[in-house]
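**Student:** Here is a sequence with its predicted model. Questions after.
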Amino acid sequence: MRKATAERISRYFKARASAEGSRFTIKRLRGPLDGFHQWADGKRLISAYEIRRDDGEVIYCLLIDWRESAEWYLVLCSQMTHAPLSELWRETQHDDIVSLAWRYQPTKRDGRNGDRVAYFRRHVGDTTLQVSVPDPDEQSLRFIEDLFDLLENRLKADELSLDEPETRETFPEGEAFERRHLLRERNSTVIRLAKARAMKTGALVCQICKFDFEQRYGVVGHGYIEGHHTIPVKDLQKGSQTRVEDIALVCSNCHRMLHRKRPWLTMLELRALVVPKDSE
């Protein structure tokens with residue numbers, strides 16, 4: 001990416017580090033990096049940050065001339081070893097929206113990379129992601145959340161983890177990066193509110209097939225269900241916000257079926273396809 005873009009990201013991190021009441025604690029690492037990692041030590045650096053989420057997860061973000069070619073990279077590094085986990089550098093721009101493109105390309109030698117790609121695509125929708133670069137004074141934490149989610153999806157796909165991540169709707173295909181300002185509002189807060197409202201009136205039951213995680217799995221399923229945005233991004237108006245009423249609570253299987261083809265199925269369409277139990 002251009003140095004100006006890397007500096008823009010650095011100013012955003014710096015501004016968010018001083019914000020109060022955030023679920024992220026951001027601490028700048030003083031450069032130059034010495035003893036951080038063999039692939040980073042001694043290279044030109046704009047800034048480096050340790051970002052800690054309120055659940056204890058940590059990533060290190062380096063804005064660095066990674067290949068010493070005057071091409072700047074945002075490198076996401078492991079908390080434990082500081083080893084690089086993802087490198088974002090391919091810059092795209094549409095109108096005034098700048099994004100970083102990242103592609104999932106597993107290279108393990110166990111013959112299961114095809115399974116990994118399918119796993120990643122199942123949760124993200126594609127193998128190439130567009131992460132929108134925030135303005136330095138932007139209040140939203142969406143950019144940081146996207147970096148954590150990118151790593152979660154990448155690492156779980158690498159492991160073919162049975163603890164699968166929730167299906168992402170903030171990394172859609174193609175034109176999504178052109179709609180950054182709309183996507184910023186589609187965060188997890190409104191889904192948590194929808195779940196809390198449903199639990200006040202009864203169990204968390206899929207609104208399509210009536211599946212109840214707690215009834216099926218006991219205590220481990222208590223409080224679990226997925227949130228589905230019933231209004232597609234293309235239908236949102238600029239400046240609009242997702243309301244609790246726009247979230248449907250669905251089981252994992254129905255959620256995947258809703259997104260299985262384009263255009264996405266509506267709730268009514270999928271409900272009509274559900275085979276009644278007594279006809280199975």
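**Tutor:** Arrived safely, thanks for sending.

**Student:** Show me this structure divided up by domain.
**Tutor:** According to automatic domain parsing, the chain comprises the domains 3-180, 185-279.

**Student:** so where's the stretch 151-280 of the chain shaky on pLDDT?
**Tutor:** Low-confidence segments of the stretch 151-280 of the chain (pLDDT under 70): 166-189, 232-242, 262, 275-280.

**Student:** Show me the helices in it, by range?
**Tutor:** 180-183, 188-201, 213-217, 252-258, 267-273 (DSSP state H, counting those that start in this stretch).

**Student:** Identify all contacting residues around the last one.
**Tutor:** By CB atoms under 8 Å, 6 or more residues apart in numbering, the list of residues contacting helix 267-273 from outside reads Gln207, Ile208, His228, Thr230, Ala248, Cys254, Met257, Leu258, Leu265. Where you see a C-beta, it was placed from the backbone N, CA and C, and this is true even at glycine.

**Student:** Settle this for me: the fifth one is touching Glu226, isn't it.
**Tutor:** Just to be clear, that refers to Ala248. No: checked against CB atoms under 8 Å, the pair Ala248 and Glu226 is beyond contact range at 9.3 Å.

**Student:** if you count what's nearby, which of these two comes out ahead?
**Tutor:** Just comparing Ala248 and Glu226: by other CB atoms under 10 Å the higher neighbour count belongs to Glu226, 22 against 19.

**Student:** ok so, going back, deepest of the domains of the chain, which one?
**Tutor:** Ranked by mean neighbour count under mean count of other CB atoms under 10 Å, those are led by domain 3-180, which reaches a mean of 16.

**Student:** for that one, the distance to its chain's centre please.
**Tutor:** The chain centroid and the centroid of domain 3-180 are separated by 10 Å under CA atoms, centre = their mean, to the nearest Å.

**Student:** Helix, strand, or coil at the residue sitting nearest the centre point of the chain?
**Tutor:** The centroid of the chain falls nearest to Asp149 when counting by CA atoms, centre = their mean (3.4 Å). For Asp149, the secondary structure call by DSSP: H, G, I helix; E, B strand; the rest coil comes out as helix.

**Student:** Pull up the gap between it and Phe143, please.
**Tutor:** Distance, Asp149 to Phe143, by CB to CB, to the nearest Å: 11 Å.

**Student:** And for Glu20?
**Tutor:** Noted for Glu20: a distance of 18 Å to Phe143, by CB to CB.

**Student:** Which residues lie in contact with Ala157 in this structure?
**Tutor:** Tyr104, Pro106, Arg116, Val117, Tyr119, Phe120, His123.

**Student:** rerun at 7 Å
**Tutor:** Tyr104, Arg116, Tyr119, Phe120 (CB atoms under 7 Å, 6 or more residues apart in numbering).

**Student:** what's the overlap in contacts for Ala248 and Glu226?
**Tutor:** Contacts common to Ala248 and Glu226, judged by CB under 7 Å, 6+ apart, are absent.

**Student:** Which secondary structure state does the nearest residue to Cys77 once chain neighbours are set aside sit in?
**Tutor:** Nearest residue to Cys77 in three dimensions, chain neighbours excluded: Tyr60, at 4.0 Å (CB to CB, 6 or more residues apart in numbering). When classified by three-state DSSP, Tyr60 comes out as strand.

**Student:** which ones are touching Tyr60?
**Tutor:** Ala48, Glu50, Cys77, His82 are the contacts of Tyr60 under CB under 7 Å, 6+ apart.

**Student:** surely the second one meets Glu57?
**Tutor:** No: taking contacts as CB atoms under 7 Å, Glu50 lies outside contact range of Glu57: 11.6 Å.
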